[in-house]
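# Model the structure of this input:
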Amino acid sequence: MKALFFDEPKKPIISQVQSPSITANEVMIRSRRVGICHSDYELLAGQYIIPISYPVIPGHEWVGEVVEVGENVTGLKSGDRVVGECVIKTPERIHHFGFSMDGANREYFAARPEWLHKLPDAVDDAKGALIEPFTCGFYAVLRNGAPNAAETVVVSGGGTIGLVTAAAAIGMGARVIVVDPVQLRRDIAKRLGADATVDPSAGDPVEAVQELTQGGADLVIEASGHSSSLGNVFDYARPEGRISMVGINIGHKIPAELGKIQMKNLTVRGCIGSPGVWPAAIRFLERTGIDLSPIQTHSFALDDALKALEQGKNLREAVKVTLEIA
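Predicted coordinates:
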């Protein structure tokens, strides 16, 4: 079968690989759509937050179809559309699907039913391929107190995680403001239902947020990981406000007035991943009908995966680039 894999750092290739087989406790999945994540580029560069080895098949944001079921598997059948969690506990270790074990950028792969979730008919494949990042945004909003229609949320950063985070907060009824310097991302935020956007390159973003919120946001979610943004979050929040740190910025030091945490009595929490929220996030998308499709800006066939990787690097013209496998 055909697959995209990283043969070694900085060397992506498309080639034929051995087709998988399943055990009695596994199911065979046919990949349908797979999103390209920023962390895939870190993997390609030879960097990741856990030990990795090559060659490896990337792809942890995926939707697929069950085509074969092991004799001991219950609750799944051929034809079911599924998505899967990417942090997987095995008897040997905790794996990251698409990083420390081969991922979904291939025509077929074997999976354990314990880390799969069926998609309802109301969630199509395009949305399904965004379930994994959406669960991260959904978790980020919930982790520091789910907002409601009486509250204002500021999302700093309009990449995929920032936009799905904004979508989650919008679905919960909050007034949402997205801060990002890229026009494309601000436009997508408005299409998702954001009440306002701020271009930090056009002036002081703190002044703009303070004016829009009349004193600061109830919840601020830092989703960019950029040093220039991290220093502003304490000023975006109102007194007694909440801040969730989602954007990853490891190994960098930035100047920040940490005394504002005490002065404003802020609640600051870090979060990563989406533990325990997948079923709720899928139900949320089904019941709210939130349309995440504006986030998917480009789609490529598996044969054009190398072009897709190049397109994803253009942050001013692309947000989420997706491979259509089948």
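
# thought residue 163 was touching residue 185?
Yes - applying C-beta atoms under 8 Å, one finds residue 163 in contact with residue 185, separated by 6.9 Å. The C-beta positions use only the backbone N, C-alpha and C, and glycine is treated the same way.

# which residues are common contacts for the two?
Common contacts of residue 163 and residue 185 (C-beta atoms under 8 Å, 6 or more residues apart in numbering): 178, 319.

# Looking at those two, which one has more neighbours?
The neighbour count for residue 163 versus residue 185, taken as other C-beta atoms under 10 Å, is higher for residue 163 (30 against 24).

# Quick one: neighbours of the residue nearest to the more buried one when sequence neighbours are not counted, just the number.
Excluding its sequence neighbours, the residue lying closest to residue 163 (C-beta to C-beta, 6 or more residues apart in numbering) is residue 295, at 5.2 Å. The burial count assigned to residue 295 is 29, neighbours taken as other C-beta under 10 Å.

# same question, residue 180
27.

# And the pLDDT for the residue lying closest to residue 199 once chain neighbours are set aside?
Spatial nearest neighbour of residue 199, excluding adjacent residues (C-beta to C-beta, 6+ apart): residue 181 at 5.9 Å. We note a pLDDT of 96 for residue 181 in this prediction.

# before we move on, what about the one 3 residues further on?
The predicted local confidence for residue 184 comes out at a pLDDT of 98.

# and it, what is it in contact with?
Contacts for residue 184 (C-beta under 8 Å, 6+ apart) come out as 297, 316-317, 319.

# switch the cut-off to 10 Å
158, 297, 315-319 (C-beta atoms under 10 Å, 6 or more residues apart in numbering).

# quick one: what helix or strand has residue 210 in it?
If you go by DSSP states H and E, residue 210 is part of helix 205-213.

# So what's the gap between that helix and the chain middle?
Centroid separation for helix 205-213 versus its chain: 27 Å, with C-alpha atoms, centre = their mean, to the nearest Å.

# so how far is the helix or strand just after it from its chain's centroid?
Using DSSP H and E, the helix or strand that follows helix 205-213 in sequence is strand 217-222. Chain-centre distance of strand 217-222: 18 Å, with C-alpha atoms, centre = their mean.

# do stretch 14-26 as well
26 Å.

# That one: end-to-end distance?
Stretch 14-26 has its terminal residues 26 Å apart, counting by C-alpha to C-alpha, to the nearest Å.

# For that stretch, what does the pLDDT average out to?
96.

# before we move on, what about stretch 134-153?
pLDDT averaged over stretch 134-153 gives 95.

# now it, how far from the centre of its chain.
For stretch 134-153, the separation from the chain centroid amounts to 15 Å (computed by C-alpha atoms, centre = their mean).

# got any ranges where the protein has weak pLDDT?
By pLDDT under 70, the low-scoring segments of the chain are 250.

# most remote residue from it's center?
residue 71 (33.3 Å; C-alpha atoms, centre = their mean).

# now the helices: where do they sit in the protein?
Secondary structure of the chain (DSSP state H): helices at 38-44, 125-128, 131-143, 160-171, 183-192, 205-213, 227-230, 233-236, 259-263, 278-288, 305-312.

# and of the ones you listed, who's closest to residue 119?
Smallest distance to residue 119 across those (C-beta to C-beta): 5.2 Å, for helix 125-128.

# quick one, what contacts the residue nearest to residue 199?
157-158, 198-202, 205, 224, 226, 228-229, 315-316.

# how far away is residue 182 from residue 159?
Remark: distance between residue 182 and residue 159 (C-beta to C-beta, to the nearest Å) = 9 Å.

# sorry, back to before: give the ChimeraX command for selecting the buried subset of the contacts of residue 184.
To isolate the buried ones among those in ChimeraX, judged by 16 or more other C-beta atoms under 10 Å, type:
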select :158,297,318,319
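
# tell me the two of the contacts of residue 184 that are most distant?
Greatest spacing in these, by C-beta to C-beta: 158 and 317 (13.6 Å).
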